[in-house]
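J.: Sharing a sequence plus its predicted fold:
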Amino acid sequence: MARSSEQFTCQHCGETYRKWQGRCDSCGEWNTLVQSTADVAVPSGMTLGKGRALTFTALNADISEYTRTLSHIGELDRVLGGGFVPGSSVLIGGDPGIGKSTLLLQAVAKMALAASPCIYISGEEATQQISMRAQRLGLADAPVQLASANSIRDIITSVEKATPAPKLLVIDSIQTVFADNLPSAPGTVAQVRASAQELIRLARKTGTSVILVGHVTKDGQIAGPRVLEHMVDTVLYFEGDRGHQFRILRAVKNRFGATDEIGVFEMSDAGLREVANPSSLFISSPGKTISGASVFAGMEGTRPLLVEIQGLVAATPQATPRRAVVGWDSARLAMLLAVLDTRCGLSFSGSEVYLNVAGGLRVQEPAADLAVAAALVSSISDVPVPPGSLFFGEIGLSGEIRPVGQADARLKEAAKLGFTTAVIPAGSKIKDSKMKIIEVEHLREIVSLFSETK
Ligand code: TYD
Ligand code: MG
């Protein structure tokens, strides 16, 4: 007899436990365990029958039917690695209200207008609401097939029967669809997994690409996109600060392309607008002279991106001063402060430290260390960064500054935008540059850069 028993499943990562506990040991999230029915074990004594013999193919098999379908949104195609691969599944995650539905509505409309049939199924909004949005965005004429549905059974049947067969199916969102043969509520790990499994199978069988929208939730009431990440071919995150108009589409997993490319969009009253050349978006005028601001010449995939880093060091009588970071890693800031203290004798122990990456961008490259250090040293010594200068380089625990990749591309873009001085790691392999190059070996040299100019 198969044994079925109660268990507790983490709605964030899908880990299961026999007993309830406050914190998931696997992903560290609090209050995400929900009671569910354990998977029924395979009945003992049931032996596997003979399977169907597989047909093996060579690596050089014909792949001509796998030509990618373009979404005709350049920034989306770039992140996907050149458009949708037929039969692939894409998960797009992001906070509620960040613009996932808007982006996908624009994508299906453009594709439908370019003679690639698309189906858009929303489990969140009524079709009238979507039509209203489409009309406002001027996309109402696109021949998109639209439906509002929640049952995975209905969705699969309709997509299989649809003529012409769709090139792209959008499910907005995976957390609202459910399989009626499962006892758990829509949005739970079991439901989300089962529905996604069915849709991925449908994609492979029919060659239609499937996009699943997944909301990122903090409270664990509904299952997050994390539980699906290993099932789909491509995972994209749509991020950005809701107070800013810029949105970044980032690939965190891609079986058909690079994962370091980003797509940059601007949210306007006419929907999401592509920003094809984002390099100067995240900086204010290069000639500005206030203390505590520096410019980092970063790379996002193959594109250089110049970003303004703002630091503020303020004296405080409190024993444990605050450190607050927006757009950068707070552990990395703590490390940098410790290095500045130990290796350069610059103490921040009596000061609050705030760090902000302008424009709502999240910087992930270690190459930003030097620019962050420059902003902090500039703020604490109240000396502005020399106008027209920029920084990049990784800082090690002993205070040494290490070269980073693609120095030439960074310098070239900065020169184009009117920067004149670059402070870079000693030993960087660079070709001739029009800019004045200051090579630094140790963080101490950055500190003296600011005390000399005082
Ligand atoms: P939406 O795509 O519904 O977000 P998600 O599907 O990720 O939850 O985007 C909603 C936000 O976008 C909403 O706050 C309003 C804003 N928005 C605009 O600013 N301009 C527009 O043209 C549209 C359609 C939305
Ligand atoms: Mg939405």
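T.: Happy to help now that I have it. From a predicted model like this one, the values you see are computed outputs, not experimental measurements. Ligands and ions are numbered 1, 2, ... in the order given.
J.: got the residue ranges for the helices in the stretch 201-350 of the chain?
T.: In the stretch 201-350 of the chain, the helices defined using DSSP state H, counting those that start in this stretch lie at 330-344.
J.: Of all residues in the stretch 251-400 of the chain, which one is closest to ligand 1?
T.: G271 (4.1 Å; C-beta to the nearest ligand atom). All C-beta spots, glycine's among them, are computed from the backbone N, C-alpha and C.
J.: Pull up the gap between that residue and L336, please.
T.: G271 is 39 Å from L336, where distance means C-beta to C-beta, to the nearest Å.
J.: partners of the lowest-mean-pLDDT helix or strand in the chain in the sheet?
T.: Across the helices and strands of the chain, the lowest-confidence element by mean pLDDT, DSSP states H and E is strand 33-37, at a mean of 82. Applying DSSP bridges to the sheet, strand 33-37 is found paired with strand 6-10 (antiparallel).
J.: and the next helix or strand after the strand it pairs with, what does it pack onto?
T.: Tracing the chain C-terminally past strand 6-10 and defining elements by DSSP states H and E, one meets strand 16-17 next. Using 3 or more C-beta pairs under 8 Å, 6 or more residues apart in numbering; DSSP states H and E, the elements in contact with strand 16-17 are strand 6-10.
J.: Can you name the residues in contact with the strand it packs on?
T.: If you take C-beta atoms under 8 Å, 6 or more residues apart in numbering as the criterion, strand 6-10 is touched by 15-21, 24, 26-27, 29, 32-38, 188-190, 220.
J.: For PyMOL, what selects the buried ones among those residues?
T.: The following PyMOL line selects those of the contacts of strand 6-10 that are buried, judged by 16 or more other C-beta atoms under 10 Å:
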select buried, resi 15+24+29+32+33+34+36+188+189+190+220
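J.: show me the contacts for S451.
T.: 381, 383.
J.: in the helix or strand hosting it, what's buried?
T.: For S451, the host element (DSSP H and E) is helix 443-452. By neighbour count on 16+ other C-beta under 10 Å, the buried set for helix 443-452 is 443-447, 449-450.
J.: can you list those residues in CSV and add pLDDT and distance to ligand 1?
T.: Converted to CSV, the buried residues of helix 443-452 look like this (pLDDT from 0 to 100; distance: C-beta to the nearest ligand atom, whole Å):
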residue, pLDDT, distance to ligand 1
L443, 95, 41
R444, 94, 46
E445, 94, 45
I446, 93, 40
V447, 93, 44
L449, 89, 42
F450, 87, 41
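J.: can you redo those residues as a markdown table with distance to G207?
T.: Listed next are these as a markdown table, based on distance: C-beta to C-beta, whole Å:
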| residue | distance to G207 |
| --- | --- |
| L443 | 55 |
| R444 | 60 |
| E445 | 58 |
| I446 | 55 |
| V447 | 60 |
| L449 | 58 |
| F450 | 60 |
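J.: from what I can see D180 touches I156, true?
T.: No: if you go by C-beta atoms under 8 Å, D180 and I156 don't touch, sitting 12.0 Å apart.
J.: Show me which of those two is the more surrounded one.
T.: Per other C-beta atoms under 10 Å, whichever of D180 and I156 has more neighbours is I156, with 18 against 10.
J.: follow-up on the earlier one: tell me how far the helix holding S451 lies from the chain's centre.
T.: Computed by C-alpha atoms, centre = their mean, to the nearest Å, the chain-centroid distance of helix 443-452 equals 35 Å.
J.: Alpha carbons only: can I get that helix in PDB?
T.: Taking C-alpha atoms only, helix 443-452 is exported to PDB below (Å, rounded to 0.1, in the frame of the first residue of the first chain):
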ATOM      1  CA  LEU A 443      44.300  51.700  -2.000                       C
ATOM      2  CA  ARG A 444      46.700  54.100  -0.100                       C
ATOM      3  CA  GLU A 445      47.300  55.900  -3.400                       C
ATOM      4  CA  ILE A 446      43.600  56.600  -3.700                       C
ATOM      5  CA  VAL A 447      43.600  58.100  -0.200                       C
ATOM      6  CA  SER A 448      46.600  60.300  -1.000                       C
ATOM      7  CA  LEU A 449      45.000  61.300  -4.300                       C
ATOM      8  CA  PHE A 450      42.400  63.100  -2.200                       C
ATOM      9  CA  SER A 451      44.700  64.500   0.500                       C
ATOM     10  CA  GLU A 452      47.100  66.000  -2.100                       C
END
